[in-house]
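Colleague: I would like to see how this sequence folds:
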Amino acid sequence: MSWPWRLAGWALFVLAGPALLALAGQVPFLTSGRLVFLAITALAAVGLCLIMGFAGQVSLGHAAFYAVGAYASGILTAGYGVPPIVALLAGMVLAGAAAAGVARAVFRVSGHFLAMATLAFGLILYYSLGHFRTVTGGNAGRGGIPKLAIGSWEATTDTRMFLLCWALVVLGVLVARNVVDSRTGRALRATGASEVAAGCCGVNVVRAKVGVFVLGALYAAVAGSLYAHYVTYIAPEEFGLLKSIQFLVVATVGGLTSVWGGPVGAVVLVLLTEASREAIPLFVEGATGPYELTIYGLVLVVVLLLFNRGIAGGIAHAWRARGRGGGGDPEPLAEDATGRPVPREVAP
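Modeller: Model prediction:
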């Protein structure tokens with residue numbers, strides 16, 4: 001894709017946040033508060049796209065690192081008076097260290113065993129949050145968390161918090177894009193396609209897998225810290241298996257093989273959920289959760305049938321196919337970590 005088109009795409013992406021904010025209050029189900037949760041979910045899902053879509057590593061415990069960021073911010077700020085921005089950075093360090101340790105252990109296995117190992121880690125942390133009452137507050141949770149502040153600036157309103165979160169989403173996608181386009185990104189894609197082939201091409205497979213797992217955990221930790229400072233209260237039920245599944249569904253619908261998958265999936269699913277919550281009672285009196293879940297599931301199936309690469313991935317693939325069909329340049333071969341072409345049968 002030429003640079004003018006790329007710049008136009010980035011401009012539209014950056015302006016999408018303010019555009020959504022302008023619609024808040026004009027559309028019945030769209031509020032600035034819901035947009036904050038949309039941006040937080042998108043940020044966490046970008047990290048999951050890197051882990052699963054590019055490195056090909058299954059993770060069902062992404063909410064665990066989300067919890068590490070949230071609890072680090074909550075405990076340090078409410079319990080010890082640490083400035084919020086310092087607590088956020090501390091949460092990133094803790095999540096990164098935890099991810100490195102977990103990755104070294106769980107990446108000894110693969111496939112379904114890897115999925116079960118990451119799931120087990122998430123469940124262990126989830127139940128630990130409810131039992132270490134002196135530190136985490138137990139099932140009652142912890143309150144009194146201050147709003148996020150950077151110097152004299154404070155995110156005291158939903159509008160401010162959303163703009164901050166959206167800026168971090170843009171930054172997160174930019175970082176992910178640069179990683180994917182770099183030599184490290186080529187190593188990740190080769191690893192995701194075939195670990196054996198990647199190793200034969202000189203890729204340090206273990207380092208690549210551990211590195212992307214740590215990077216994905218950092219995204220989740222930042223999202224967790226933003227959540228804690230926004231709601232000013234945290235409890236274990238927000239960080240269980242359902243939250244990991246939510247991140248997975250958002251990333252899958254948006255497109256696991258695209259760095260845009262997180263924001264696109266979050267916009268589609270969060271707005272869909274809120275719209276169905278408002279619309280269904282108009283047709284079925286007294287309708288509650290099961291009806292919403294039915295509509296949610298049906299739309300999810302339709303999206304995946306129409307876009308088996310996810311929405312963002314499907315659009316990108318169609319655009320490349322259009323270029324090749326219209327006499328454009330052929331799709332280049334993927335490259336390994338040294339810049340040499342990788343055969344198409346192992347290229348992502």
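
Colleague: Show me the strands in this structure, by range?
Modeller: 149-150, 153-154 (DSSP state E).

Colleague: Show me what the first one is packed up against.
Modeller: If I follow you right, that is strand 149-150. Packed against strand 149-150 by the contact rule (3 or more C-beta pairs under 8 Å, 6 or more residues apart in numbering; DSSP states H and E) you find helix 84-106. Using the backbone N, CA and C atoms, a C-beta is placed for each residue, glycine as well.

Colleague: Geometrically speaking, which residue is the centre of this protein?
Modeller: The residue lying closest to the centre of the chain (C-alpha atoms, centre = their mean) is Ala45, at 1.3 Å.

Colleague: if I read this right, that one contacts Ser244, doesn't it?
Modeller: No - with contact defined as C-beta atoms under 8 Å, Ala45 does not reach Ser244; the gap is 11.1 Å.

Colleague: Tell me the gap between the helix ranked longest in the chain and the middle of its chain.
Modeller: What stands out as the longest helix in the chain, according to DSSP state H, is helix 205-231. Taking C-alpha atoms, centre = their mean, to the nearest Å, the mean C-alpha location of helix 205-231 is offset from the chain mean by 9 Å.

Colleague: Tell me if I'm right that Leu306 and Gly314 touch.
Modeller: Yes - with contacts counted by C-beta under 8 Å, Leu306 reaches Gly314, the gap being 7.4 Å.

Colleague: The two: which is more packed in?
Modeller: Gly314 (18 against 9; other C-beta atoms under 10 Å).

Colleague: Quick one: residues contacting the more buried one.
Modeller: Neighbouring residues of Gly314 by C-beta atoms under 8 Å, 6 or more residues apart in numbering: 255, 306-308.

Colleague: list the buried ones in the longest helix of the chain?
Modeller: 205, 208-231 (16 or more other C-beta atoms under 10 Å).

Colleague: pLDDT averaged over stretch 159-177 - what is it?
Modeller: If you average the pLDDT over stretch 159-177, you get 95.

Colleague: In PDB, could you pull the C-alpha coordinates for that stretch?
Modeller: Extracted in PDB, the C-alpha atoms of stretch 159-177 (Å, rounded to 0.1, in the frame of the first residue of the first chain):
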ATOM      1  CA  THR A 159     -14.200  12.800  28.200                       C
ATOM      2  CA  ARG A 160     -10.700  13.300  29.400                       C
ATOM      3  CA  MET A 161     -10.300   9.600  30.300                       C
ATOM      4  CA  PHE A 162     -11.500   8.500  26.900                       C
ATOM      5  CA  LEU A 163      -9.200  10.900  25.000                       C
ATOM      6  CA  LEU A 164      -6.300   9.600  27.100                       C
ATOM      7  CA  CYS A 165      -7.200   6.000  26.500                       C
ATOM      8  CA  TRP A 166      -7.700   6.500  22.800                       C
ATOM      9  CA  ALA A 167      -4.300   8.200  22.600                       C
ATOM     10  CA  LEU A 168      -2.800   5.100  24.200                       C
ATOM     11  CA  VAL A 169      -4.700   2.900  21.800                       C
ATOM     12  CA  VAL A 170      -3.200   4.800  18.800                       C
ATOM     13  CA  LEU A 171       0.200   4.600  20.400                       C
ATOM     14  CA  GLY A 172      -0.200   0.900  21.000                       C
ATOM     15  CA  VAL A 173      -1.200   0.200  17.400                       C
ATOM     16  CA  LEU A 174       1.700   2.300  16.200                       C
ATOM     17  CA  VAL A 175       4.100   0.300  18.300                       C
ATOM     18  CA  ALA A 176       2.600  -3.000  17.200                       C
ATOM     19  CA  ARG A 177       2.800  -1.900  13.600                       C
END
